[in-house]
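Chemist: model the following, please.
(chains A and B)
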2 protein chains.
Amino acid sequence: MKELALGIIGLGTVGRSVAKILKENQDLIAARAGCAIYIKKGAVKDLSKSREIFDFPITNNIDEILNDPEIDIVLELTGGVDTPFEIAKKALRNSKSLVTANKAMLAYHRYSLQQIAGDLPIGFEASVAGGIPIIKALRDGLGANHILSIHGIINGTCNFILTKMKDFGMEFDAVLKEAQELGYAEADPTFDVGGFDAAHKLLILASIAYGIDARPNDMLIEGITQITQEDIAFAKEFGYHLKLLGIAKKDGDCIELRVHPTFLPKDAMLGKVDGVMNAISVVGDYVGETLYYGAGAGGEATASAVISDIIEIARTKSSPMLGFKTTNHILKLKPIEEITSAYYLRILVLDKPGVLAKIATILGEIGISIDTLLQHNHKHYSTLLLSTHICKEAEIRLAVARISALEVVKAKPTMIRIEK
Amino acid sequence: MKELALGIIGLGTVGRSVAKILKENQDLIAARAGCAIYIKKGAVKDLSKSREIFDFPITNNIDEILNDPEIDIVLELTGGVDTPFEIAKKALRNSKSLVTANKAMLAYHRYSLQQIAGDLPIGFEASVAGGIPIIKALRDGLGANHILSIHGIINGTCNFILTKMKDFGMEFDAVLKEAQELGYAEADPTFDVGGFDAAHKLLILASIAYGIDARPNDMLIEGITQITQEDIAFAKEFGYHLKLLGIAKKDGDCIELRVHPTFLPKDAMLGKVDGVMNAISVVGDYVGETLYYGAGAGGEATASAVISDIIEIARTKSSPMLGFKTTNHILKLKPIEEITSAYYLRILVLDKPGVLAKIATILGEIGISIDTLLQHNHKHYSTLLLSTHICKEAEIRLAVARISALEVVKAKPTMIRIEK
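Modeler: Alright, predicted model coming up:
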């Protein structure tokens, strides 16, 4: 039986879990890979900080891995964007296969890496939704289909926060604090609660499904920091679940890419996914809807995905894996303004006669029709909660701007999209 | 670009859908497979019955396909067990790759086929849960893990019936009739509602996860024909969903394999899967729970899975695919009597004093402790609905036998397992 030698760059939570599972499930993994797999060397930034004992040598000089002719696969398990990109490029140029869990790097540099790799395999199952094998499902399992849409709960932090807000009636700030204490949210939570992490993952999924080469800056990205208990109450009242979704949708030769809080119908499977769990619903033109659910983060779940790539590379060493170009028909990104959706608006207004008429007039003039309307009266002001029928993003934005400009409106309305 | 030639044996719903999708999504499939794929010939039993026009020649002589040296892959898309087994064997002996959707054949003959195939690929993604890529997920996506358990809703007919019973308060016979009218159930529904179809699929999943070579006769198989509205009411009362599950569970060196109606906790994702949809929850030792959801039947969803196998074979022609032996550590089947579970009993008794004491005494003597108890009084009799804490299958069976023998008990109690 031949052997496959790995070099691990980065021995944080994921790297350590990879080493652990490779050891604990050694026989099983060898049987599935068709060869023995061992870690030849690991690299960390600061040797003095590494207190763990590994049963392979570690170094702080990554070139010892990148230049080692015996190492077959480089595991890039660090964080950041540019340094890992340099590491990945060098590994590929030295004819090593690459496995990475780094979604941020892939969100920006995946097509450059693909080009440098040529026929060398790049594995990135771990970059989206942790242990859920969504990359392989999209690329292989659904290979017969044009993908019509992807709807994903792909940020566990946001899903945890929204679930707590729903189940315990807590406001965003209080839940965020609890999530930080539990280790589900970072000290600076912007990357998660602002929707940027989900955007990176969505770009990777959309590449596989559509071959689209977009960057985070091209996309519609909204986080969950504006969500209040009133929005949750609206969802309950009208039979919705409120989730932060990453959405990729094919519309002719265009693709919509967007991350935002979304009301989902109560009977949609995706709406039932609670807590830190992730799930991705994919609709193919022939297979219909399939959904994939599991732990979207955590060292061991992510390591499970890293190792599935290693096994796949071991088994298919002779023929290149499919990377980001799995279609000859590359689609364009749809301009944000042309996206259509139903919308929900929460509008804080002064409690005066004629306010509703003014708002309804604006919507009517733009051509937006109202679906449902609720009014909550407070002491000196009222809240209007309304949902619309389907209209264009450009139209709702114009409406929001014109409503905001009304003297009787106390703050910019909060807008949430409703997915039907 | 090289070409790959297919021979399709069986042009029913699935075969026709395969031909349709290969044509409609031709470019996409060629890009993913790395070569053009075409159907060289199709075979049907009776040429005079085939009214459809195909753009490939059809024959009623399957040897024209099996003996054609230009055909690379034989698609076995017929029904039954022994005839398809003969077809599959001959295809493999003639050095052709095999793709099959035939779960019944695989439930009995998968290891013989594997042995004959040697290094030739056998694709069978379509044999379990239609369009859901569960075979690839188990075999590839979760390859780093020992599989601890599989819980599957893998018969759409049963799930449709149970969902209707729950949502509309209808009894089994009435819903079955509706399912037959809608084409969700066969004229003779035994194969589906008796749990046998689910058992075939579970055997295939268990082979991949555990390498276990069992047959349907070795397994615990119970269908849903005994379920009544009282069971549904119990589920609602105590926060359960009632589902027909296929369950494979690792317990040391043993595997439990069983198909039966099961109460699932209300917050389990699997319990939320309604209607004809399928879903499989898989727990791996490192990845934790992942769940796969989608259409478990239908020509196009099943054809999507067939074509995913064709693409995989095209891409990995040089190295053999993993078949049923994906582990070196082959596990044993756990004897049915040693399976442990919590149980629910529905017992029809005469409305006399002391009845409950007699039943409680039997349970107590055997060592089974009661968790919850409900009593419904009717005119001349009562129904006891009780759930137990975890005990052995042998114990509950003894209890059921002794309770049945009581003079005050009017019928053999209905027993349903509770999965915690």
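
Chemist: use CA for all of it now, contacts and neighbours both
Modeler: OK.

Chemist: who's in contact with the residue nearest to A:Thr190 when sequence neighbours are not counted?
Modeler: Take A:Thr190 and drop its neighbours on the chain: the residue closest to it by CA to CA, 6 or more residues apart in numbering or on different chains is A:Phe196, 8.0 Å away. Neighbouring residues of A:Phe196 by CA atoms under 8 Å, 6 or more residues apart in numbering or on different chains: A:190, A:216, A:221, A:223.

Chemist: next, the third one: phi, psi?
Modeler: With angles defined as degrees, to the nearest 10, A:Ile221 shows backbone torsions of phi -130, psi 120.

Chemist: what sits opposite it in the beta ladder?
Modeler: Counting by DSSP bridges, A:Ile221 is bridged to A:Val259.

Chemist: ranges for the helices of chain A?
Modeler: A:13-24, A:26-33, A:63-66, A:82-93, A:103-117, A:134-136, A:156-168, A:172-182, A:190-193, A:196-210, A:229-238, A:299-315, A:355-366, A:393-404 (DSSP state H).

Chemist: partner strands of the least confident helix or strand in chain A by mean pLDDT, parallel or antiparallel?
Modeler: The weakest-scoring helix or strand in chain A, judged by mean pLDDT, DSSP states H and E, is strand A:332-333 (a mean of 79). With DSSP bridges as the test, strand A:332-333 is paired with strand A:254-265 (parallel).

Chemist: touching the strand it pairs with from outside, list them.
Modeler: A:195, A:198-199, A:202-203, A:210, A:219-224, A:235, A:239-250, A:270-271, A:331-336, A:339, A:416-420.

Chemist: just the buried ones from those residues, in ChimeraX syntax?
Modeler: The ChimeraX selection below is limited to those of those classed as buried (16 or more other CA atoms under 10 Å in any protein chain shown):
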select /A:195,198,199,202,203,210,219,220,221,222,223,224,235,240,241,242,243,244,245,246,247,248,249,250,270,271,331,332,333,334,335,336,339,416,417,418,419
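
Chemist: which one of the residues in the stretch 301-420 of chain A is closest to chain B?
Modeler: A:Ala301 (4.1 Å; CA to the nearest CA).

Chemist: just for chain A, where's the confidence low?
Modeler: Residue ranges of chain A with pLDDT under 70: A:1, A:50, A:317-330.

Chemist: and it, what are its domains?
Modeler: A:3-132+A:299-315, A:137-295, A:336-418 (automatic domain parsing).

Chemist: so how far is the last one off the chain centroid?
Modeler: So that's domain A:336-418. Centre-to-centre, domain A:336-418 and its host chain are 29 Å apart (CA atoms, centre = their mean, to the nearest Å).

Chemist: same deal with the second one?
Modeler: The offset between the C-alpha centroid of domain A:137-295 and the centroid of the whole chain comes to 7 Å, using CA atoms, centre = their mean.

Chemist: over to stretch A:51-63?
Modeler: 31 Å.

Chemist: in that stretch, what's buried?
Modeler: Per 16+ other CA under 10 Å, stretch A:51-63 contains these buried residues: A:58-59, A:62.

Chemist: what of stretch A:344-363?
Modeler: Buried, per 16+ other CA under 10 Å, within stretch A:344-363: A:344-351, A:355, A:359-360, A:362-363.

Chemist: any idea how far apart the tips of that stretch sit?
Modeler: For stretch A:344-363, the first-to-last residue distance is 13 Å (CA to CA, to the nearest Å).

Chemist: between the buried residues of stretch A:51-63, which sits nearest chain B?
Modeler: The closest of those, once distances to chain B are taken by CA to the nearest CA, is A:Ile58, at 23.3 Å.

Chemist: contacts only, for that closest one.
Modeler: With CA under 8 Å, 6+ apart, A:Ile58 has these contacts: A:41-44, A:47.

Chemist: got those as TSV, with distance to chain B and neighbour count columns?
Modeler: Shown next, in TSV, are these (distance: CA to the nearest CA, whole Å; neighbours: other CA atoms under 10 Å in any protein chain shown):
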residue	distance to chain B	neighbour count
A:Lys41	20	22
A:Gly42	20	26
A:Ala43	22	22
A:Val44	24	19
A:Leu47	28	12
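
Chemist: now, the residues you listed that are in strands?
Modeler: A:41-43 (DSSP state E).
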